[in-house]
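Visitor: Sequence and predicted structure, then a few things I'm wondering about:
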Amino acid sequence: MEKLFFFLYSTMMAVVYLTALPFLLLFALKQKYRISLPARFFLWKNSPLKSDGVWFHSCSFGEALAIKPLVEALPQELLRMTTTTQTGFNVVKAYTKQSRYLPFEPLLFGWLKPQKVLVVMEAEFWYLLFTLAKRRGAKTLLINARMSDRSFPKYYKMRWLYRQIFRSIDEVYAQTLQDKERLELLGAKNVSVTGNIKLAKLTAPTKALQKPSGLIVCGASTHEGEEGIILDAYLTLKAEQKDAKLIVVPRHPERFDRVADLIAEVAGLHTLQWHRYSDNESLESDIILIDTLGELVNIYAVTDIVILGGAFEPIGGHNAAEAAQFGCKIISGKHYFNQKDIFGAIEGIAVVESFNLSRRLLQHHLLKPTVIKQRSDISPIVESIEDVL
């Protein structure tokens, strides 16, 4: 049965790949995918990783940052990295020159070299990635694994597929006990609960910014539709507190220009000063757009109130611990379903409906500085990796 599934799945994905080729060529012309898509789907400038290493695969910018404590615990010469996004790649390439974009599954047959260990972050359930790595000698780990209330029913309907995937995963390290139970229902074995590794070692500032005068509000990791809500709330606050400043940090670089246009329109209507951080690295305007990567933790260090994006729209939320380490007051929307364990580990986060954000921001004196109540332990993961080195 396992061999038949392997054959059928591999054939199906090859057909999908060939069918999608014309569309992939078109998407490759878009700025967002100009580097990642040719690398992933055509192996353009994407040579195989050196063999016999510790191979980490993480998808996004946040996941790539989160593996840093594990990376620092291992010999640098053994590190191998893959990712699927441009922002993720910008992080992992700093860990090692052995960093690549993960090829689409059918291309793994000729690309994937034997490794000592494969470590995959969170919910990257690629059947051929795990199966081929396992067949070629790697110990396979799924770490920081999660299964949200929203996702689990969909995964459970496809449990026949995930049971096949988990056949090739040796160990699973889940974020919570509930994640463990759900993953086991999908076929996971050897599941341990280690907490969210994003709480193991938080990103430290890379430089010390001078805190401007006045009340500093940061709209952090914002998505489409959220900047407008945050700007409206800020205008209400600004009418009452003239020294308030707003720093806006969009989650995705491809949206920088659109957000800049929105801020310019609002600033013009209300006679406010604004600027892009890439043009002027000061924080002295009424509104500042952070349109460079890697600055958010530096901004948190000088921020009084964080309005955390990704939760005012049904995105799933973002890591509140990075702001909480500085004791920032934090306001979040209600859609933080991918971050429940992190939110549960932090005391003081105010969760509001979008329509109540303005009122809650006006009452900022009632908000409590946030405190991180617990951290996670990555030592079992490190020990498991070191066992085969």
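Guide: Now that the structure is in, tell me what you want to look at. Residues are numbered from 1 along each chain as shown.
Visitor: Tell me if I am right that residue 217 is in a strand.
Guide: Yes: assessed by DSSP: H, G, I helix; E, B strand; the rest coil, residue 217 belongs to a strand.
Visitor: Bridged to it, which residues?
Guide: Here residue 217 sits in beta bridges with residue 246, residue 305, going by DSSP bridges.
Visitor: Is it in contact with residue 308, as I believe?
Guide: No: applying Cβ atoms under 8 Å as the test, residue 217 and residue 308 come out as separate, 11.5 Å apart. In short, each C-beta sits where N, CA and C put it, glycine included.
Visitor: and the helix or strand that contains residue 264, C-alpha only, in PDB?
Guide: If you go by DSSP states H and E, residue 264 is part of helix 256-269. C-alpha atoms of helix 256-269 as PDB (Å, rounded to 0.1, in the frame of the first residue of the first chain):
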ATOM      1  CA  PHE A 256       5.000  49.000   1.100                       C
ATOM      2  CA  ASP A 257       4.100  51.300  -1.800                       C
ATOM      3  CA  ARG A 258       0.300  50.800  -1.300                       C
ATOM      4  CA  VAL A 259       0.600  51.500   2.400                       C
ATOM      5  CA  ALA A 260       2.700  54.600   1.600                       C
ATOM      6  CA  ASP A 261      -0.100  55.900  -0.700                       C
ATOM      7  CA  LEU A 262      -2.700  55.300   2.000                       C
ATOM      8  CA  ILE A 263      -0.600  57.100   4.600                       C
ATOM      9  CA  ALA A 264       0.100  60.000   2.300                       C
ATOM     10  CA  GLU A 265      -3.700  60.400   1.600                       C
ATOM     11  CA  VAL A 266      -4.600  60.400   5.300                       C
ATOM     12  CA  ALA A 267      -1.700  62.700   6.300                       C
ATOM     13  CA  GLY A 268      -2.700  65.200   3.600                       C
ATOM     14  CA  LEU A 269      -6.300  65.300   4.700                       C
END
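Visitor: avg pLDDT for that helix?
Guide: Summarised as a single mean, pLDDT over helix 256-269 is 97.
Visitor: That helix - contacts with which helices or strands?
Guide: Judged by 3 or more Cβ pairs under 8 Å, 6 or more residues apart in numbering; DSSP states H and E, helix 256-269 is in contact with helix 226-240, strand 245-250, strand 274-276, strand 287-289.
Visitor: for the ones you listed, which one sits closest to residue 296?
Guide: Closest to residue 296 of the helices and strands packed on helix 256-269, according to Cβ to Cβ: strand 245-250, at 5.3 Å.
Visitor: distance between the closest one and the chain's centre?
Guide: Computed by Cα atoms, centre = their mean, to the nearest Å, the chain-centroid distance of strand 245-250 equals 19 Å.
Visitor: tell me the contacts of residue 251?
Guide: Counting by Cβ atoms under 8 Å, 6 or more residues apart in numbering, residue 251 makes contact with 221, 222, 223, 309, 310, 318.
Visitor: Which of the helices or strands spans the first one?
Guide: I take that to be residue 221. Counting by DSSP H and E, residue 221 is found in strand 216-222.
Visitor: Contacts for that strand, please.
Guide: Strand 216-222 is contacted from outside by 226-227, 230-231, 234, 237, 244-251, 259, 283, 296, 299-300, 302-310, 318, 323, 328, 361, using Cβ under 8 Å, 6+ apart.
Visitor: picking that back up, give me the buried subset of the contacts of residue 251.
Guide: Buried members of those, scored by 16 or more other Cβ atoms under 10 Å, are 221, 222, 223, 309, 310, 318.
Visitor: Kindly format the C-alpha coordinates of the strand holding residue 221 as CSV.
Guide: The C-alpha coordinates for strand 216-222 follow below in CSV (Å, rounded to 0.1, in the frame of the first residue of the first chain):
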residue,chain,number,x,y,z
ILE,A,216,4.7,56.1,20.5
VAL,A,217,2.2,53.7,18.9
CYS,A,218,3.3,51.0,16.6
GLY,A,219,1.0,49.3,14.1
ALA,A,220,3.1,46.1,13.8
SER,A,221,3.1,43.3,11.1
THR,A,222,0.0,44.8,9.4
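Visitor: now the angle from it to helix 256-269?
Guide: Here the directions of strand 216-222 and helix 256-269 differ by 140 degrees (axes from the mean of the first three to the mean of the last three Cα atoms, to 10 degrees).
Visitor: tell me how far strand 216-222 is from the chain's mean position?
Guide: Centre-to-centre, strand 216-222 and its host chain are 17 Å apart (Cα atoms, centre = their mean).
Visitor: That strand vs helix 226-240, what angle?
Guide: Using the same axes, to 10 degrees, one finds that strand 216-222 and helix 226-240 are set 170 degrees apart in direction.
Visitor: For the remainder of this discussion, apply numbering that starts at 47.
Guide: I'll keep to 47 as the first residue from here, and by that count the last item is strand 262-268.
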